[in-house]
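In: Okay, structure incoming, though there's no sequence with it:
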């Protein structure tokens, strides 16, 4: 009988549990959950702010999930040390758990750079967990002036959620554009304009020089008065436990396609790890929820002695912001890097398809996202573009662009 | 398991499957009352051009990437059928981002709806199949790929 331990209780952990149970129905699984909640859809916290969902509906799995999968969950506990000989995990309450196979699915935490005077701000929040969202919702009323530091995915989703609560939202970022990790300037401008039309104010290429209680003195000279501050600068992978245990770590914990770290018996999945990005041909942190689940599942299957690999990971995002849908995926190679880009733009819509060496490697879709999964699958499956009607595919995402035999193959089988 | 398959050589691009789907899922008794003069949001869509046409609906994949990707845990698979819990769905469209068939589209309210084989509506069996005038859409068990 094996002793499985999962450090973390997010979607990667849920995937790991389901992966283990697809092979091993009996050995005990222990889940170490820092948060006092069963697994929930973390990106839903902005919808919770907005009032579009509630904690009950945010549950990622049915309430009997752990019981049905015979898992013991240690709520409110934190793993402080992963010991190899003897194989023990030390918890913050000084208890020890034996393990034969462990998955580190510890996620990521907010990255807050040092900022002058931050300690003088009384109402400051991060926006990563359900508890964060609850506190923020509590703190913000119709008259609250909110300053969000960071115009990335977390900052903008937070702004969207808060927009239902207050009209006074300012977002600042050191970058010269919104969503700088996934959009270039022209694409970002479309999104920014859309949000500005809804009354959200932006201060870009700017950062807070210092805070004094409820005032931010910006580098640009501007003075921003606020009631509530949200810190959404960035995230960092929780790697320290793995690093101390001897796992190779970079920005995340290094994993192979079976989600094994380089310490025998230790696996990793989700936002804390680095997996292969096939659109880039290199390892990177793929901190998005679908990959977290799939990596977790792969880790679980392999922990239980089965065989599964996760080899089709790519960065991908589907993001709605006050009615505007944005989807991005893969890697955008520039012309200098040997890439080629197809672009189509109307007033509020944009499509970019990035190609290299006869393959689709990435895309940006703003305002028109129908059937985008067809593009995603071309990237993930590395389908040679010579096998499809590229001109048709540029216009619309449709399987009509495949040859009749390829379509028959695709649609005619049990898949 | 039985799935909906399309024989594209017989598809006339008449779009009747879309209307039958929308009607079957409308909860109404009368087709004209349910659909006339309104935009329809079917769970099956005819695609193609002047040369070829075919209808696309959920494949109910054995290893469904949409279920694995759903950020809300709103998609699940039970007894071979992939269903969406509309109370949990927030309309993020991640399932559309990953479905390799382009088989998914949201409903009128932006929340996902999908083909659930008409098993829980008044039709009881796929309405698109029942109403296809040229038998281009079939509901059957298949083992192998015919190429």
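Out: Received, thanks. The structure displayed is predicted, hence computed values, not measured ones.

In: Low-confidence regions, the chain specifically.
Out: Since no chain was named, I'll use chain A. A:413-415 (pLDDT under 70).

In: wait, chain B
Out: B:144-147.

In: Please enumerate the helices of it.
Out: B:16-24, B:31-35, B:65-69, B:94-98, B:127-130 (DSSP state H).

In: okay, now residue 59: neighbour count?
Out: Went with chain A since none was named. 18 (other CB atoms under 10 Å in any protein chain shown). Using the backbone N, CA and C atoms, a C-beta is placed for each residue, glycine as well.

In: hmm, I had chain B in mind actually
Out: 22.

In: quick one, what contacts it?
Out: Counting by CB atoms under 8 Å, 6 or more residues apart in numbering or on different chains, residue B:59 touches A:411, A:415, B:3, B:101, B:103.

In: again with residue A:154
Out: A:127-128, A:232, A:235.

In: Next: residue A:101.
Out: A:2-5, A:265, A:267, A:303-304.

In: Could you look up the SS state of residue A:191?
Out: Counting by DSSP: H, G, I helix; E, B strand; the rest coil, the backbone at residue A:191 sits in helix.

In: thinking again about what came up before, need the contacts of residue B:59 in CSV (columns: distance to residue A:313 and neighbour count).
Out: Below are those laid out as CSV (distance: CB to CB, whole Å; neighbours: other CB atoms under 10 Å in any protein chain shown):
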residue, distance to residue A:313, neighbour count
A:411, 25, 21
A:415, 20, 15
B:3, 28, 22
B:101, 20, 20
B:103, 22, 25
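
In: got CSV for these, with distance to residue A:46 too?
Out: CSV is the format used below for the contacts of residue B:59 (distance: CB to CB, whole Å):
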residue, distance to residue A:46
A:411, 36
A:415, 33
B:3, 36
B:101, 29
B:103, 27
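
In: any idea which of those is the one closest to residue A:257?
Out: residue A:415 (21.5 Å; CB to CB).

In: Bridged to residue A:225, which residues?
Out: Beta bridges link residue A:225 to residue A:215 when assigned by DSSP bridges.

In: Just to check, it is in contact with residue A:145?
Out: Yes: in this structure, residue A:225 is within contact of residue A:145 by CB atoms under 8 Å, at 6.3 Å.

In: Between those two, which is the more surrounded one?
Out: residue A:145 (17 against 12).

In: related to what we said a few turns ago, strands - which of the contacts of residue A:101 land there?
Out: A:4-5, A:267 (DSSP state E).

In: In chain A, which residue is most central in space?
Out: residue A:288 (2.7 Å; CA atoms, centre = their mean).

In: Verify the contact between it and residue A:315 for me.
Out: Yes: Residue A:288 is in contact with residue A:315 according to CB under 8 Å; the separation is 6.6 Å.

In: ok, back up a step: highest neighbour count among the contacts of residue A:154?
Out: residue A:232 (26 neighbours).

In: Okay, that residue and chain B: tell me how far apart.
Out: Using CB to the nearest CB, to the nearest Å, residue A:232 is found at 18 Å from chain B.

In: Please list the residues of the stretch 151-300 of chain A that sit near chain B.
Out: Within reach of chain B by CB under 8 Å from any CB of the partner chain, the stretch 151-300 of chain A has these residues: A:289-290, A:293-294, A:297.

In: and of these, the nearest to chain B?
Out: residue A:290 (3.5 Å; CB to the nearest CB).

In: Is the closest one located within a helix, as I assumed?
Out: Yes: applying three-state DSSP, one finds residue A:290 inside a helix.

In: so who does residue 111 touch?
Out: Defaulting to chain A. A:233-236.

In: look at chain B instead
Out: Neighbours of residue B:111 in contact, by CB under 8 Å, 6+ apart: B:86, B:89-91.

In: follow-up on the earlier one: who wins for neighbours among the ones in strands among the contacts of residue A:101?
Out: Busiest of the ones in strands among the contacts of residue A:101 [other CB under 10 Å] is residue A:267, holding 29 neighbours.

In: What is the neighbour count of residue 7?
Out: Looking at chain A here, since you left the chain open. 30.

In: Let me rephrase: I mean chain B.
Out: So residue B:7, with other CB under 10 Å, has 15 neighbours.

In: Counting neighbours, what do you get for residue 79?
Out: You didn't say which chain, so I picked chain A. 21.

In: you looked at the wrong chain, it should be chain B
Out: Neighbours of residue B:79 (other CB under 10 Å): 7.

In: Tell me who's in contact with residue 27.
Out: Looking at chain A here, since you left the chain open. A:1-4, A:20, A:304.

In: I was thinking of chain B, sorry if that wasn't clear
Out: B:121-122.

In: List phi and psi for the spatially closest residue to residue A:59 that is not a sequence neighbour.
Out: Spatially, and ignoring its direct neighbours in sequence, residue A:59 is nearest to residue A:40 (5.7 Å; CB to CB, 6 or more residues apart in numbering or on different chains). For residue A:40, the backbone dihedrals (degrees, to the nearest 10) come out as phi -130, psi 160.

In: got a list of what residue A:40 touches?
Out: Here residue A:40 is in contact with A:55, A:58-60, A:130 (CB under 8 Å, 6+ apart).

In: how close does it get to residue B:88?
Out: Using CB to CB, to the nearest Å, one gets 11 Å for the distance from residue A:40 to residue B:88.

In: Spell out which residues are contacts of both of these two.
Out: A:58-59.

In: Let me see the ranges of the strands in chain B.
Out: Under DSSP E, chain B gives strands at B:2-6, B:45-48, B:53-56, B:75-78, B:81-84, B:105-106, B:112-113, B:137-141.

In: list the contacts for residue 125?
Out: Just so you know, I chose chain A. A:132, A:135-136, A:139, A:228-231.

In: wrong one, chain B
Out: So residue B:125 contacts B:117-119, B:139 (CB under 8 Å, 6+ apart).

In: Now, of those, which are buried?
Out: B:117-118, B:139 (16 or more other CB atoms under 10 Å in any protein chain shown).

In: Tell me the residue of the stretch 101-250 of chain A that sits nearest chain B?
Out: residue A:157 (10.0 Å).

In: host element of that residue?
Out: Using DSSP states H and E, residue A:157 sits within helix A:153-163.

In: and the following helix or strand past that helix, what does it pack onto?
Out: Scanning forward in sequence from helix A:153-163 by DSSP H and E, the next helix or strand is strand A:168-173. Packing contacts for strand A:168-173, counted by 3 or more CB pairs under 8 Å, 6 or more residues apart in numbering or on different chains; DSSP states H and E, involve strand A:145-149, helix A:153-163, strand A:201-204.
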